[in-house]
Every structure is written in structure tokens, then in C-alpha cells.
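>>> turn this into a model:
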Amino acid sequence: MVKSPIGLNLCSWNANGLLRRRVELRIFIEKHSPDLFLIQETHLRPSHTFTIANYTCYRNDRITNANGRRRNSYSYQKSLKHYCLPTPPMQAIEATNIILTPLDHDPVSIVSVYIPPSSDDNLFTIDLEYFLQTSSHCVVFGDFNATHSA
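Residues are numbered from 1 along each chain as shown. This next block holds a predicted model:
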């Protein structure tokens, strides 16, 4: 969990299947009470609902991939002044973008990203550039599937 420069507790988590790990998530939230948390690889279908008390959920469901699995990017946040920036079609990544609008600070873009391991480097770079340009203050969290080549 990260304490942001504007005093928020932010958390990012690769769930690798949210429904089977929901108890673990609820315990974490009760213990740490993050202001905003971002979840990747939920594997939820559009018919699934998943709510957490006192949080607003923004989700971008992806059509099932070749393996029949869903890897979504979700953002949950408490009652903070914000809006969700609609995500245009992306070439290589899945993302959800929340713009926080604190009273005493410039807007801050918080992006939850999932980059599949087979993504083309050039395409996901273009997708990330889009989000980095949404605000002069941008933080990107997520599962980048960045492994050491050795």
C-alpha cells in the first residue's frame, strides 16, 4: 500500500480470480481501509456483481481471451471527489482511469492497468502514453507482466 503525496492510501492488487479470493480482499480492506484500490485479473464475467461497502466500483470488462479467461481492470474508491474517465478502445492493455479532483491540489489521474504477457511492446507503449497525457499528475498501477529476460 502506498501513501500518496495528497495524503491518500492507494493499493493495487493482481487478484488472479477475484471471486475465490474475496474473503482475503475484505480482510485486507477492513485492516487497512485504503482510500482507493485497483484490481487486475479479476476473471469476472459481466454477469458477476462484486461490491464492497462504502466503495464505488469502476470496471472495464474484457471479452474472453483465447484461454477463456477474463482479465479485467477495476478501480474501487471511497467517497473522494472524482470522476471516471471513459476508456477508449486500447490496442494492447486493459485499464480503468479515475481522475481525483482534490480541493487543494491539481487533478490526479490514477490508472489501473493490466498488460497481457503477449502484448506488443510498441502497442502497449502507445496505450500507456494516452493515460500519461490525461493529467499533468498521473500514477499508473497494475500488472505489467514485466519479467526479467534472464
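
>>> where does the spatially most central residue of the chain land on pLDDT?
The geometric centre of the chain, computed from its C-alpha atoms, lies nearest to residue 112 (Cα atoms, centre = their mean), at 2.4 Å. Here, the pLDDT recorded for residue 112 equals 92.

>>> against residue 11, how distant is it?
Separation of residue 112 from residue 11 (Cβ to Cβ, to the nearest Å) stands at 11 Å. Glycine gets a C-beta too; all of them are placed from N, C-alpha and C.

>>> overlap in contacts of these two?
residue 38 (Cβ atoms under 8 Å, 6 or more residues apart in numbering).

>>> for the protein, which segments count as helices?
22-32, 121-132 (DSSP state H).

>>> to residue 54, which of those lies closest?
With Cβ to Cβ, the closest approach to residue 54 among the helices of the chain belongs to helix 22-32: 9.1 Å.

>>> which strands and helices sit next to the closest one?
strand 9-14 (3 or more Cβ pairs under 8 Å, 6 or more residues apart in numbering; DSSP states H and E).

>>> partner strands of the strand it packs on, parallel or antiparallel?
Strand 9-14 has its sheet partners listed here by DSSP bridges as strand 2-3 (antiparallel), strand 36-40 (parallel).

>>> out of those, deepest packed?
strand 36-40 (a mean of 26; mean count of other Cβ atoms under 10 Å).

>>> much appreciated, bye for now.
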